[in-house]
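Undergrad: Curious how this folds, go ahead:
(chains A and B)
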Amino acid sequence: MGMTIVEKIMAKHAGLDQVQPGQLIEAKVDYVLANDITAPIAIKQMREVGAEKVFDKDRVILIPDHFAPNKDIASAEQCKMLREFSREQELSNYFEVGRMGIEHALLPEQGIILPGDIIIGADSHTCTHGALGAFATGVGSTDVAAAMVTGETWFKVPETMKFVLNGKLNKWVSGKDLILYIIGDIGVDGALYKAMEFCGDTVDELSIEGRLTIANMAIEAGGKCGIFSPDEKAISYVKERTDREFTPLYSDADAEYVEVKEYNVADIEPQVSFPHSPDNTKSISQVGTVPVQQAVIGSCTNGRIEDLREAAEVLKGRKVAPDVRLIVIPATQKIYLQAMQEGLVETFIESEAVVSTPTCGPCLGGHMGILAKGEVAIATTNRNFVGRMGHPESFVYLANPAITAASAVLGRIGSPDEL
Amino acid sequence: MEFKGKIWKFGDNINTDEIIPARYLNTSDPEELARHCMEDADPEFPGKVQPGDIIIAGANFGCGSSREHAPIALKAAGVACVIAGSFARIFYRNAFNMGLLILECPEACAALEEGDTVQVSPDTGSITIEKNGSVLQAQAVPPFMQNLIAEGGLMGYVKKKAGL
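TA: Below is the predicted model:
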């Protein structure tokens, strides 16, 4: 019987010829990742069992991105812990402020994660890296602590759901809309414990950025990972960034799927997720009048150069509405610099947006744009749970960068076509 | 090791931002996290939960972020066990890794009312409702997970494996 790409990657890392859904395996991991919120617990756990060294100083990645640049004294202490541990362990993949970016934008950009790899990260959006044909999944700090010591972890081999996307994208529809539409269709537990494999003509045409956005939000459907076949586009993307050897793996034609969902993307309009759940989606034409006080363009979901270009295209020659704060956060230093060189930053500032250094910041209600009681934000981020961006009685709507930029100009949720 | 506890009831899709809001994640101190446990789902919860109480919830409990602060906060708040229709997978791993007992029982939410007392038997997965004596059956803990617990959680398992 054939295997899916996820089954093949797992089998290879477990030293087995074949694995089946439901099987418990112990697998080697290529990378172990943690951030300023999750690493401190992992470091303490590692010390408590008396482990002195990480399994491989080049395979443990620490990135202070959530509450960095340090938002308060307690956060400064957490970031300091990462820094000191990284020095002590001589980690080659520690990214200090000034060199860091939001972890799931930074790692693909740096060519660190490659097709066929397994990466576990103490951050739920680790699933992003499936866009490059890697098996990437979020775990907790203790799983990271264990893997930092052993270079291994345990998995239950997931069943795979296949999502076939065909057709031509409508104007202003991007990867974000496709994944919001799917989450709206299957629900926030629609892929619980399962791998989500994306394919079809539309996917073949999508940029790597668009694929990263889709894989990023697999977790919002409960998925264990989101994964794409590493096609020529993915292979050339990583080869431009690294010389490291890798072996891409592909699903067999006779692989078994627990469910196959097919979508004609020509039916899909830009999507907006209403509070307080990512699956509470509506098409932009069905939104009605929703005034906003804040708009956020950034995050591991939509803070890449393509996202900033899309936003700038909408904002060029326009001004943010008087009652709206528009916050733009390039996800990495490189993206920030590129946005400056392309004149995007100038467009943002002329439109009266603020542009921030890379950080997860407001996405999880950390800093750089917290909502007051009763305030409403539209954001390109990934979660709109109660209190996610600030006060428990504030409201977050999720959308793509073009819709978010247009909404900032309109002062209410709307499409660039209304400008 | 059977135990008895009073239940607090929550709905479907209780996410980790409700269990412990990100605004408190600048620390991993269990006592501090416990002071804000479930705060965005029920602001009064940290004040009223008593050691040994049990949380009952619907599907997909613990969805959202990977923060281990969520099971840490629940455990430090004295929650003895969470019984839910299903658990989000990262929370599921984290709960076992941290030694927080969780049981999957899709019928529990409909069968129980807030304030009920239940007797839980983790070995068999049976949940007895005190007021009427009826018994709900939760999915038993898989053997692999029982082994993890027997080794004192994941780090105990690692310690043994790495010969530390």
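
Undergrad: alpha carbons only for contacts and neighbour counts from here, please
TA: Noted.

Undergrad: Chain neighbours aside, what residue packs nearest to the residue in the stretch 101-250 of chain A that chain B sits nearest to?
TA: In the stretch 101-250 of chain A, no residue comes nearer to chain B than A:Ser124, which is 4.8 Å away by CA to the nearest CA. Leaving aside its chain neighbours, A:Ser124 sits nearest to A:Gly138 (4.2 Å; criterion: CA to CA, 6 or more residues apart in numbering or on different chains).

Undergrad: any idea where the helices of chain B begin and end?
TA: When assigned using DSSP state H, the helices of chain B occupy the ranges B:16-19, B:30-34, B:45-48, B:69-76, B:89-98, B:108-111, B:143-150, B:154-161.

Undergrad: tell me which residues of the second one are tucked away?
TA: Judged by neighbour count (16 or more other CA atoms under 10 Å in any protein chain shown), helix B:30-34 contains these buried residues: B:30, B:33-34.

Undergrad: Same check on the last one?
TA: By neighbour count on 16+ other CA under 10 Å, the buried set for helix B:154-161 is B:154-159.

Undergrad: restrict the residues you listed to contacts with chain A.
TA: Of the residues in the buried residues of helix B:154-161, proximity to chain A by CA under 8 Å from any CA of the partner chain holds for B:154-156, B:158-159.

Undergrad: Count the residues that sit near residue 11.
TA: No chain was given, so I picked chain A. By other CA atoms under 10 Å in any protein chain shown, 20 other residues sit near A:Ala11.

Undergrad: The chain in question should be chain B.
TA: 15.

Undergrad: Could you check how far A:Leu33 is from chain B?
TA: Spatial separation of A:Leu33 from chain B under the definition CA to the nearest CA, to the nearest Å is 12 Å.

Undergrad: for A:Tyr257, what are its contacts?
TA: For A:Tyr257, the contact set (CA atoms under 8 Å, 6 or more residues apart in numbering or on different chains) comprises A:159-162.

Undergrad: Among those, the buried ones, what's the PyMOL command?
TA: With 16+ other CA under 10 Å as the criterion, this PyMOL line picks the buried residues out of those:
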select buried, chain A and resi 159+160+161+162
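
Undergrad: near chain A, which residues of chain B show up?
TA: Within reach of chain A by CA under 8 Å from any CA, chain B has these residues: B:13, B:15, B:17-18, B:21-23, B:25-28, B:40, B:59-60, B:63-68, B:88-91, B:93-94, B:97-98, B:154-156, B:158-159, B:162, B:164.

Undergrad: Can you give me the distance of the closest residue to A:Glu90 other than its chain neighbours to chain B?
TA: Excluding its sequence neighbours, the residue lying closest to A:Glu90 (CA to CA, 6+ apart) is A:Lys57, at 6.3 Å. Computed as CA to the nearest CA, the A:Lys57 to chain B distance reads 17 Å.

Undergrad: wait, what's in contact with B:Ile53?
TA: Actually, residue B:53 is Asp rather than Ile. Applying CA under 8 Å, 6+ apart to B:Asp53 gives the contacts B:5-8, B:78-81.

Undergrad: Let's have these in JSON lines, adding neighbour count and pLDDT.
TA: Putting the contacts of B:Asp53 into JSON lines (neighbours: other CA atoms under 10 Å in any protein chain shown; pLDDT from 0 to 100) gives the following:
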{"residue": "B:Gly5", "neighbour count": "21", "pLDDT": "97"}
{"residue": "B:Lys6", "neighbour count": "22", "pLDDT": "98"}
{"residue": "B:Ile7", "neighbour count": "24", "pLDDT": "97"}
{"residue": "B:Trp8", "neighbour count": "21", "pLDDT": "98"}
{"residue": "B:Gly78", "neighbour count": "16", "pLDDT": "96"}
{"residue": "B:Val79", "neighbour count": "24", "pLDDT": "96"}
{"residue": "B:Ala80", "neighbour count": "22", "pLDDT": "94"}
{"residue": "B:Cys81", "neighbour count": "23", "pLDDT": "94"}
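
Undergrad: From these, which land in strands?
TA: B:5-8, B:81 (DSSP state E).

Undergrad: which one of those residues sits closest to A:Thr38?
TA: A:Thr38 has its nearest neighbour among the ones in strands among the contacts of B:Asp53 in B:Cys81, at 23.3 Å by CA to CA.

Undergrad: Against B:Gly99, how distant is the closest one?
TA: In this structure, B:Cys81 and B:Gly99 are separated by 10 Å, where distance is defined by CA to CA, to the nearest Å.

Undergrad: show me the biggest helix of chain A in terms of residues.
TA: Ranked by number of residues, the top helix in chain A under DSSP H is helix A:73-88.

Undergrad: Give me the residue at the spatial middle of chain A.
TA: Nearest residue to the geometric centre of chain A (CA atoms, centre = their mean): A:Asn216, 3.5 Å.

Undergrad: Could you verify my assumption that that one touches A:Cys300?
TA: Yes - counting by CA atoms under 8 Å, A:Cys300 is a contact partner of A:Asn216 at 7.5 Å.

Undergrad: Now the common contact residues for these two.
TA: Shared contacts of A:Asn216 and A:Cys300, defined by CA under 8 Å, 6+ apart, are found at A:His125.

Undergrad: hang on, the earlier thing: what number of residues lie near the residue nearest to A:Glu90?
TA: Applying other CA under 10 Å, we find 15 residues neighbouring A:Lys57.

Undergrad: one step back: now that we're looking at the residue nearest to the centre of chain A, how far away is A:Gly414 from it?
TA: A:Asn216 sits at a distance of 24 Å from A:Gly414 (criterion: CA to CA).

Undergrad: Quick check: which helices or strands does the helix or strand of chain B with the lowest mean pLDDT pack against?
TA: Using mean pLDDT, DSSP states H and E, the weakest-scoring helix or strand in chain B turns out to be helix B:143-150, at a mean of 74. Taking 3 or more CA pairs under 8 Å, 6 or more residues apart in numbering or on different chains; DSSP states H and E as contact, the helices and strands that helix B:143-150 lies on are helix B:89-98, helix B:154-161.

Undergrad: and it, which residues are buried?
TA: For helix B:143-150, using 16+ other CA under 10 Å, the buried residues are B:148-149.

Undergrad: hmm, who's touching that helix?
TA: For helix B:143-150, the surrounding residues in contact (CA under 8 Å, 6+ apart) are B:96-97, B:99, B:154, B:156-157.

Undergrad: cutoff 10 Å now
TA: Contact with helix B:143-150 is made by A:24, B:93, B:96-101, B:123, B:140, B:151-158, as judged by CA atoms under 10 Å, 6 or more residues apart in numbering or on different chains.

Undergrad: Break chain A into its domains for me.
TA: Following automatic domain parsing, one finds the domains of chain A at A:5-263, A:272-414.

Undergrad: Export those as TSV, with columns for mean pLDDT.
TA: As requested, those are exported to TSV (pLDDT from 0 to 100):
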stretch	mean pLDDT
domain A:5-263	97
domain A:272-414	98
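
Undergrad: about what we covered before: what's the closest of the helices of chain B to A:Ser207?
TA: Put simply, out of the helices of chain B the one that sits nearest A:Ser207 is helix B:89-98, at 28.7 Å, with distance taken as CA to CA.

Undergrad: quick check: angle from that closest one to helix B:69-76?
TA: Using axes from the mean of the first three to the mean of the last three CA atoms, to 10 degrees, the direction of helix B:89-98 lies 40 degrees away from that of helix B:69-76.

Undergrad: Can you name every helix or strand that helix B:89-98 contacts?
TA: strand A:135-138, helix A:141-150, helix B:69-76, strand B:101-104, helix B:143-150, helix B:154-161 (3 or more CA pairs under 10 Å, 6 or more residues apart in numbering or on different chains; DSSP states H and E).
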